[in-house]
Every structure is written in structure tokens, then in C-alpha cells.
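# I would like to see how this sequence folds:
(one chain, ligands or ions: 1)
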Amino acid sequence: MDDENGDENVVSGFLRDGFVKLEGAVAPRVAADCARLLWRETGCDAGDASTWTRPVHWVGGMAQGPFAAAPNSPRLHRAYDLLVGAGRWEPRYSLGTFPLRFPHEEEPDDAGWHIEGSYLPEGEGGGDGWYFTNLRSRGRALLMLFLFSEVGEQDAPTRIRVGSHLDVPKVLEKYGEDGASGPALAPELVAASDHRPLALATGSPGDVFLCHPFLVHAAQPHHGVRPRFMAQPPLMPAVPYELERADGAYSPVEIAIRRGLGRVTPGADRYFMA
Ligand SMILES: O=C(O)CCC(=O)C(=O)O
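Okay, the predicted model is just below:
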């Protein structure tokens, strides 16, 4: 779903599909500078495939100028306001992490269906070492995919289960405020969203997918020829999501969670009509 028809389509596409693709949301020059810096991090030579010796290079947080600029275009700020709510998200001045996928015979070991975890549980137990998520998406307002290379169908685009954000709330509900870790949730999430159609996060450098934090997605092996450069940072919340608001001022992220729980949000039904 593209945003060619403006705000209304950004919101309706996001609610229906769980994501919206904003083409050219990062200026071409900024995206090119990000790619150049990422190549440097890998230690690989863009022009010499013999140096691409691993299927995936994980690069951590990057905060040089281009990475600070990329998530702050006026178009992205507008979309964050629309989807999360004005004043409810934290600006970010870095990007990361980056799963940089290279054409390779070896299968990556990180290509399973999942949603992102965003916090480590406090107190005794401390979980299983993996990041957790909960029904109010503690610590994550959005999942974002920033493309920094041409990504066609053969270039290991992220796989997305379209509409799966509506399947996840029922799974998370029973874990309460504590939530659960990615691996603990994965089998249930996979089963709950199995019926969903598939989309691929293809596009060009500077395209950005803004995704509901509960969108079920997966990497895939790269059997093409062009390395796939992408960042998948969270947008952080300034305030927690609320699933019951006295004033009814729900954001689209909250409306979708409520929909997944079977709760009706006045005025929002039209978005879910097929
Ligand atoms: O590399 C990709 O396409 C997605 C990676 C991903 O979803 C993850 O590692 O959490």
C-alpha cells in the first residue's frame, strides 16, 4: 500500500494491512550516504563479490549525520503523528540494527516468523534472555524498515504476513502486562497468522515501511546477486499505548490492537471492511 493518496490512505492501509510503504521517505542523497557508511562497516568491497563471505552482517546502531537525518524527514514525522499520535513518540537520531544480507549458499539461521521484542523483563526470573513484548507494545511504537539498497523479489526482501497485526493481540492477551519473549510466542503467532497472504518488502533506497509492532514478519535466504541493505529500528513511544481511553482518542496502532481483541472503536469499523 503506497501513500499516493495522502493521509487517509496511510491510515487505512496501515490499519488493514499492518504496514504502509512510504516511497522516497528518505532523500536519495541521505540514503546513498547511509549505504556508503554501511559498506564501510561490513569491511566488504561493493564491487568485489569475492569479499562477500557471510550471508548476513549485523551492524548495530549508527548515529552519524545521515543516520540521524534519515528517520526525521517531514514526511516521516507526519506519518508518525498519524499512526502513533502527535506527542506520543520519541524522535530518534540514529538507525539500527541493520541485517545486511548478502547472496550466499549458506542458509541464515534467523529467518523464522516473529514479531519484535522490545524490553527485558524485570525482577526474578529475568525471562529467557530474549526481548519481550506485551499487549500494549511496551517500548515500541512502531517497527520500521528503512531500505538502503534496491530490493527486488530476488534480493531477500523481508516477508510480511499481511494483516497479521490483527491476529497477535489475542495471543498476547493471556500474557498480561508481563508479556512474553519472541521465541516463547513464535509457535502461537505462526499458527494464528498462517492464513494471511504474503507481501515482500521490496523497493528502492529511501523507501520506508512503517509497520504495526505486531506485524508478523521474517527474513529469508539471499539467493540473488545484489546485497540487501536495510535498517529495522523501533520508533520509541513517549507515552505507553492505552487500550481504554476515556476521551476515545485512540491512535491507529491502538485501534488495531483493540480490533484484534474484538473491541469496537467508534468510527473505525469502516477501515476494516474488505
Ligand atoms: O532481514 C530481514 O529481512 C528481517 C530481519 C528481522 O526481522 C529480524 O531479524 O528481526
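# hey, where'd the helices end up in the stretch 1-150 of the chain?
All helices of the stretch 1-150 of the chain, identified by DSSP state H, counting those that start in this stretch, fall at 7-17, 28-42, 65-69, 74-84.
# identify the residue spatially nearest to Ala184, adjacent ones excluded.
Asp128 (6.8 Å; Cβ to Cβ, 6 or more residues apart in numbering). The C-beta positions use only the backbone N, C-alpha and C, and glycine is treated the same way.
# what about Ala86, how many neighbours?
As a burial measure, Ala86 scores 12 neighbours (other Cβ atoms under 10 Å).
# Lys21 too?
22.
# equivalent analysis for Arg159, please.
Using other Cβ under 10 Å, the number of residues around Arg159 comes to 16.
# and for Pro103?
Pro103: 18 neighbours (other Cβ under 10 Å).
# ok, the closest residue to it other than its chain neighbours to Phe14 distance?
Using Cβ to Cβ, 6+ apart and skipping the chain neighbours, the partner closest in space to Pro103 is His222 (5.1 Å). To Phe14, His222 is 28 Å away according to Cβ to Cβ, to the nearest Å.
# any idea which helix or strand comes after the longest strand along the chain?
Ordering each strand of the chain by length in residues (DSSP state E) puts strand 142-147 first. Past strand 142-147, further along toward the C-terminus, the next helix or strand under DSSP states H and E is strand 159-161.
# residues in contact with that following strand?
Strand 159-161 has contacts (Cβ atoms under 8 Å, 6 or more residues apart in numbering) with 18-19, 113, 193, 196-201, 211, 215-220.
# the next helix-or-strand element following that strand: which residues count as buried?
Next in sequence after strand 159-161, counting helices and strands by DSSP H and E, comes helix 168-173. The neighbour-count check on helix 168-173 (16 or more other Cβ atoms under 10 Å) flags 168-169, 171-172 as buried.
# from those residues, which single one is nearest Pro252?
Pro169 (13.9 Å; Cβ to Cβ).
# so who does the residue nearest to Ala184 touch?
181, 183-184.
# so can I have JSON lines of the buried residues of helix 168-173 showing distance to the ligand and pLDDT?
Formatted as JSON lines, those follow (distance: Cβ to the nearest ligand atom, whole Å; pLDDT from 0 to 100):
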{"residue": "Val168", "distance to the ligand": "15", "pLDDT": "98"}
{"residue": "Pro169", "distance to the ligand": "20", "pLDDT": "98"}
{"residue": "Val171", "distance to the ligand": "18", "pLDDT": "98"}
{"residue": "Leu172", "distance to the ligand": "17", "pLDDT": "98"}
